Structure formats: structure tokens, C-alpha cells
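*Asks:* Okay, sequence plus prediction incoming.
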Amino acid sequence: MTMDSIDLLKILASVIALAIAIIGHEIMHGLVAYKLGDNTAKNAGRLSINPIVHIDLVGSIIVPLTTYFVPLLLGADNGFLFGWAKPVPINVSTVVNKAGYNGAMQVDLAGIFYNFTLATLASIAFISFDAPTTLDTLFYIFIYLLVYQLLIINVVLGVFNLLPIPQFDGAHFIMHLALKYKINSIANFFYKYEKYGILIVLVVLMTPLKDYLLILPVATILQLLTS
């Protein structure tokens, strides 16, 4: 067993865990919408577990490669994987007409619920595993690393999507909650700045804001799940 083989296993486990996390997240949005009467995602073939139909050039390829390899090139000990899949198409008007704004909020939170549920299951598995040693098989080491990455990546995605950043689930939830109680000014605010969502994400990731909005809550949840 060499360090090169372990590094390859880490990368493979990270890629598979990221795919499971982000693709499942998007499918859950479409699945809940389908259960509430909106067939848009189903008709578009987006309830499939086939990863190819969910790949987004930026979110599924460019961003993960950048967040993983750029820190290494800059001298960091480790990179990290972060990304997103192509959003599943949903007709929110159909959901609202058939299930009200409560239904729309269920759709908004479906992906986050999936991520935290998967993270919880991964934490249970992770706690039950013994840390691998040089005497363990590559298969055991891979499974250990996969469970570890599933735990971390799903917590990160769950926390990130909860943030009230335009285009993200947290913002959509607040919008529909505001519309339910006819607080149109709040909903209009998020509509107005939705096109700037990615820019806000970059600001968060490239400034100390990430320490308070992402790293701290992620570390807290991981501590709770593994204690």
C-alpha cells in the first residue's frame, strides 16, 4: 500500500460522495414537487439517478476541480470538494396552486433534508468503523473514506443551502414564507438580487465571512454528529 494509492482512493471517494450528495439533493426537489402535483422534473427525465443528466459544467466540474486543486497549488495541505448539480426544473406556480406556499417550502427544503439525513446516516456508520491501518484492505480504506466524505460534504451542502443567498434554497424558503404571509417586500428583495447569487457566494468563500457562515456551523454540526 503506497501513499499514491491512498491519495487516489481519497479523490475517488470524494468525487463519488460529492455526486451522491448534489445529485440526490436535486432529485429530492423534483421528487417532492412531483408528489405535490408538478410533473415538470419527471417529464424532463430529471428524477433519474443517471449522473449525466444532472451534470452542470460550472458547478459539477469547474468549481469542484478549482476548490480541490487550487488550494494544493497554493501550498495548502488539503483541497476540498464543493459544487452543485444542474437545478431540477420545477414549476413553482403549479406547486403553489395545488399545495399552497407550504408545499413550495417543502420543495425548497427537500434537498437540505436529504443532505442532513444522509450526513446523519454517514455519521452513524463512521462512528462504528475503526480507523484504517496499513493492515486493512484497500476496499475497507475506500469505504471508510467514502463514509467520511459523505458525512462532511453533506453537512457542508446542507449548511450552505440554508444560507439566505439568492438562488439558494434558504432564500427560496424565505421568499415563499414571505409570500404566504403577504410580506411582498421581502420576496421582491430576493427576486431583485437573484441574479447576483453566484457573486455573493464568491464573496462568502473568499472573505472571512466563510468562517462565520460556513466553517463554524459545519464544525459545530460535525461535532454533534460524531460525539
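*Replies:* Sure, I can see it. Residues are numbered from 1 along each chain as shown.
*Asks:* C-alpha only now, for contacts and for neighbours.
*Replies:* OK.
*Asks:* Residue nearest the middle of the protein, spatially speaking?
*Replies:* residue 157 (3.1 Å; C-alpha atoms, centre = their mean).
*Asks:* Can you tell me the element the most far-flung residue of the chain relative to its centre falls in?
*Replies:* The centre of the chain is farthest from one residue, residue 135, which by C-alpha atoms, centre = their mean lies 34.0 Å away. Using DSSP states H and E, residue 135 is not contained in any helix or strand.
*Asks:* roughly how far apart are it and residue 73?
*Replies:* As judged by C-alpha to C-alpha, to the nearest Å, residue 135 and residue 73 stand 32 Å apart.
*Asks:* Okay, strands next: where are they in the protein?
*Replies:* Taking DSSP state E to define them, one finds no strands in the chain.
*Asks:* Run through the helices of it in chain order.
*Replies:* For the chain, the helices defined by DSSP state H cover 3-35, 40-43, 63-73, 92-128, 138-162, 169-180, 184-192, 197-206, 209-210, 216-226.
*Asks:* CSV for those helices, including mean pLDDT and distance to residue 49?
*Replies:* Listed next are the helices of the chain as CSV, based on pLDDT from 0 to 100; distance: least, C-alpha to C-alpha, whole Å:
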stretch, mean pLDDT, distance to residue 49
helix 3-35, 90, 7
helix 40-43, 95, 12
helix 63-73, 73, 20
helix 92-128, 97, 14
helix 138-162, 95, 17
helix 169-180, 97, 21
helix 184-192, 93, 31
helix 197-206, 86, 26
helix 209-210, 90, 31
helix 216-226, 97, 27
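*Asks:* Please name whichever of those is nearest to residue 84.
*Replies:* Set against residue 84 and scored by C-alpha to C-alpha, the helices of the chain come closest in helix 3-35, at 5.6 Å.
*Asks:* The closest one vs helix 63-73, what angle?
*Replies:* Put simply, helix 3-35 runs at 150 degrees to helix 63-73, going by axes from the mean of the first three to the mean of the last three C-alpha atoms, to 10 degrees.
*Asks:* how far is helix 3-35 from where the chain is centred?
*Replies:* In terms of C-alpha atoms, centre = their mean, to the nearest Å, the centre of helix 3-35 is found 9 Å from the chain centre.
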